[in-house]
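A.B. asks: Build me a model from this:
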Amino acid sequence: MTSTYTLNTGELTPDFIATLRKIYPGKDVEIVVREAETDTEYLLRSPANRAQLLAALADIEKGEHLVSVPSEKLTP
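C.D. replies: Okay, here's the model as predicted:
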């Protein structure tokens, strides 16, 4: 079983460890710590995505190529 938990270091409490112990009783677990990547960093990693997103931001700043969507179209 693999689970991923994304949390702030302030949330690393004894309760969190106790929860892991309940989920994985008597099991060996591997804990890998890495700094979480923001959505922006992930999206900008690809050169093609980066170019498209930066072009879209430039369009927003210039007020060009904008699309208006009625709010009733946004709700299910």
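
A.B. asks: rest of the way, CA atoms for contacts and neighbours
C.D. replies: Fine.

A.B. asks: residues touching the residue of the chain most remote from its centre, list them.
C.D. replies: Centroid-distance maximum for the chain: residue 26 at 31.0 Å, with CA atoms, centre = their mean. Counting by CA atoms under 8 Å, 6 or more residues apart in numbering, residue 26 touches no other residue.

A.B. asks: State the three-state secondary structure for it.
C.D. replies: Following DSSP: H, G, I helix; E, B strand; the rest coil, residue 26 is assigned to coil.

A.B. asks: please begin residue numbering at 19 from this point
C.D. replies: OK, 19 is where the count begins now, so the last one is residue 44.

A.B. asks: Relative to residue 38, how far out is it?
C.D. replies: 10 Å (CA to CA, to the nearest Å).

A.B. asks: Please apply the same query to residue 23.
C.D. replies: Applying CA to CA, the value for residue 23 to residue 38 is 10 Å.

A.B. asks: Stretch 25-38 spans what distance, first to last residue?
C.D. replies: Start-to-end span of stretch 25-38 (CA to CA) is 14 Å.

A.B. asks: what's the offset of that stretch from the middle of its chain?
C.D. replies: Stretch 25-38 sits 19 Å away from the centroid of its parent chain (CA atoms, centre = their mean, to the nearest Å).

A.B. asks: Kindly report the same for stretch 54-70.
C.D. replies: Stretch 54-70 sits 12 Å away from the centroid of its parent chain (CA atoms, centre = their mean).
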